[in-house]
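[1] build me a model from this:
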Amino acid sequence: MELNFKHILTASMVLFAVIDIIGNIPIIIDLRRKTGHIQSGKATIIAGVILTVFLFIGQSMLSLIGITVNQFAIAGSFVLFFLALEMILGITLFKEDEENAMSDASVFPIAFPLVAGPGSLTSILSLRAEFDALNIVIAILINMIIMYIVLKASAKIERLLGQNGIRILRKVFGVILLAIAVKIFTTGIQKIFE
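    Got it, this is the predicted structure:
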């Protein structure tokens, strides 16, 4: 295991775009209104644990059911593609079950599946195929720190950026996420046919 700052930066940016904690500020604010409060620390720790555990055992889980990392990455690229379309076009393709929204929003839906959802888990495995685990763990840690700060300051961030600022950020990260989805898809296809 060796530290590579370029890999840490790349992995951090990929996870930041996929998790899209800034773009999810409107959802977080809405959940805070419905539930009264969000436990920022609890949500951050649970999301970080899910991502880190999946980094180390995700590939074994997939092998157990006969799926390769490249196949999972290709499937995940479709999820990322549709998430990016949601962000860019302002449409909703994925419907969340709001039945349990009033219980503990810190765990569901913030920690899972908003942060540690299909997109970020797919990205973790895709990054694992390219980068050293230590660099990805540091990237996860960086993103969890950002997530904690954003959760704590979501109301202030909303006032600072305004609705238009949040919409613009969401669209910019949508385009970045779309490019990442295409890259993951093409890399996965190339590796399958090698």
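
[2] number of residues surrounding M1?
    When counting by other CB atoms under 10 Å, one arrives at 7 neighbours for M1. C-beta: built from backbone N, CA, C; applies to glycine.

[3] and it, how far from I189?
    When distance is defined by CB to CB, to the nearest Å, M1 is 29 Å away from I189.

[4] how about A153?
    Going from A153 to I189 by CB to CB gives 41 Å.

[5] need the helices for this structure, in chain order.
    Taking DSSP state H as the test, the helices found in the chain are 5-19, 25-35, 40-64, 69-89, 118-130, 133-152, 154-193.

[6] buried set for stretch 141-151?
    Of the residues in stretch 141-151, I142, N143, M144, I146, M147, Y148, V150, L151 count as buried by neighbour count, 16 or more other CB atoms under 10 Å.

[7] over to stretch 12-27?
    Counting neighbours by 16+ other CB under 10 Å, one finds that the buried residues in stretch 12-27 are 12, 14-25, 27.

[8] can you pick out the most distant pair from those residues?
    Taking CB to CB as the measure, those reach their widest spread between S12 and I27, a distance of 21.9 Å.

[9] show me what the lowest-mean-pLDDT helix or strand in the chain is packed up against.
    When the helices and strands of the chain are scored by mean pLDDT, DSSP states H and E, helix 25-35 comes last with a mean of 73. Using 3 or more CB pairs under 8 Å, 6 or more residues apart in numbering; DSSP states H and E, the elements in contact with helix 25-35 are helix 133-152, helix 154-193.
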